[in-house]
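J.: sequence unknown, structure follows:
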């Protein structure tokens, strides 16, 4: 069973860059048809898809965040990462990394989430 | 972008009674491969989302059979045949047919 674990700073200053890493265990991020995503949830609110990186390295982003987001991967460490530039208080949220197999973007394995607060 | 609209947003239920959540999409969720990528998630308090149903009606392993999904095109439903205390939480639908992916607002299920 795959296991995903998010890591990164819990506090980021406004206008700086939020950087998170998702470490994957018991499976390779480059296995065919394995796809990986970032989803966030502001306190007390619903889920928002940030972006997805395919096993091939192709990326897809939410247009609402696309100008500030980069999702990348480090195959040697079996990790994928999120960078979000020029953050504001509106980016304060619980950030999840997640996995799905094949088509349909149906995330069936989620990390425990990591809380990021944007504040000076 | 595809807008996902859930109703109701709050659902108080008596244990043992059925519950039903509606999810409507602003566009058809039938993909070019013929599949419909509509997923239901459960998020219990303080937990990560858990997938219950994928492709409209396929229940995940370990999900009690009191949960069922149905629908087609733009209109979908999650049903709980007999609500139990452990079903308390927020339920989200999500479409995976069109980019960008999008979630419904969530339906909070609580016990009366």
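T.: It's in. It should be emphasised that the depicted structure is a prediction, and the values quoted were computed from it without experimental measurement. Numbering: from 1, shown residues only, chains lettered A, B, ... in the order given.
J.: who's in contact with residue A:10?
T.: Counting by CB atoms under 8 Å, 6 or more residues apart in numbering or on different chains, residue A:10 touches A:114, A:115, A:116, A:117. Glycine gets a C-beta too; all of them are placed from N, C-alpha and C.
J.: which members of these additionally contact chain B?
T.: Checking the contacts of residue A:10 against chain B by CB under 8 Å from any CB of the partner chain, not one of them is in range.
J.: and whatever residue of chain B ends up closest to chain A, what's its pLDDT?
T.: Nearest residue of chain B to chain A: residue B:96, at 3.2 Å (CB to the nearest CB). For residue B:96, the model assigns a pLDDT of 96.
J.: excluding chain neighbours, what is closest to it?
T.: Distances taken as CB to CB, 6 or more residues apart in numbering or on different chains put residue A:105 closest to residue B:96, at 3.2 Å, once the chain neighbours are dropped.
J.: quick check: pLDDT value at that neighbour.
T.: 87.
J.: residues touching it, list them.
T.: By CB under 8 Å, 6+ apart, the neighbours of residue A:105 are A:35, A:37, A:52, B:37, B:39, B:94, B:96, B:101.
J.: among these, which are in strands?
T.: Under the assignment DSSP state E, these contribute A:35, A:37, A:52, B:39, B:94 to strands.
J.: can you tell me which of these has the most neighbours?
T.: Of all the ones in strands among the contacts of residue A:105, residue B:39 has the most neighbours under the rule other CB atoms under 10 Å in any protein chain shown, reaching 29 neighbours.
J.: can you name the residues that contact it?
T.: With CB under 8 Å, 6+ apart, residue B:39 has these contacts: A:104, A:105, A:106, A:107, B:51, B:53, B:54, B:55, B:93, B:94, B:95, B:96.
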